[in-house]
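1. no sequence on this one, just coordinates:
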């Protein structure tokens, strides 16, 4: 069964600290993996997109890694800021050939950054 | 840049009522999608469209209908609202086929909070 599991479910850190969010997936065959940031009351906003051939992608203080062999990805946030408080969603695309790529969404990790 | 615009932002419906969630995008994207997000759950695909005049069901289409008369607009119709349809609804769009390719970013609207009582 194709699934995307994220951990931890929630995380609290102090401003300025680093943190790492995890994403494990069973989606196969896999086309790409994305990380989205969703602020409370807003729509998801894309942070990174990686294909199966890429193992790291950065976007400012956000760095995503991918191990396609173990089907694991992580999102590392450096020098956290209060504005990083949000839900971070891992999304994996199931590659079904010529038909529409099916997206599998994780439930998200709720990150809270305290001053 | 407007991107993907959804209306209304909030709505309360009574059981059995009908309504339409509006979605429009100004990026000339062919692909558009409707998702619902239940508390603590991942987004689920309701319907999608690969271009004007073409729509298809996603994972959870029951109780909904869509149309795509223009490239820009993709309204979602709720017929006979039920409490199980209480959720947050997101419209999204992409230039190419959803999820495919490294550069294929999917853009989401701000969401529509729907409560059925």
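-> That came in fine, so what should we check first? Nothing here was measured: the structure is a model prediction, and the numbers come from that model.

2. Could you check how far residue B:87 is from chain A?
-> Going from residue B:87 to chain A by C-beta to the nearest C-beta, to the nearest Å gives 14 Å. Using the backbone N, CA and C atoms, a C-beta is placed for each residue, glycine as well.

3. Quick check: that residue touching residue B:111?
-> No - look at residue B:87 against residue B:111 with C-beta atoms under 8 Å: they stay out of range, at 9.9 Å.

4. what sits in contact with each of the two?
-> By the contact definition C-beta atoms under 8 Å, 6 or more residues apart in numbering or on different chains, residue B:87 and residue B:111 are jointly contacted by residue B:37.

5. Model confidence at the residue nearest to the spatial centre of chain B, what's the number?
-> By C-alpha atoms, centre = their mean, chain B has its centre lying nearest to residue B:34, at 2.4 Å. On pLDDT, residue B:34 comes in at 95.

6. my guess is it contacts residue B:44, does it?
-> No - using C-beta under 8 Å, residue B:34 is not in contact with residue B:44; the gap is 9.8 Å.

7. where do the contact lists of these two overlap?
-> Residues touching both residue B:34 and residue B:44 (C-beta under 8 Å, 6+ apart) are residue B:58.

8. The least confident helix or strand in chain A by mean pLDDT - contacts with which helices or strands?
-> In chain A, the helix or strand scored least confidently by mean pLDDT, DSSP states H and E is strand A:102-105, which has a mean of 84. For strand A:102-105, the elements it packs on are strand A:86-94, strand B:44-51, judged by 3 or more C-beta pairs under 8 Å, 6 or more residues apart in numbering or on different chains; DSSP states H and E.

9. buried stuff in stretch B:67-76?
-> Buried positions in stretch B:67-76, judged by neighbour count with 16 or more other C-beta atoms under 10 Å in any protein chain shown: B:67, B:68, B:71, B:72, B:74, B:75, B:76.
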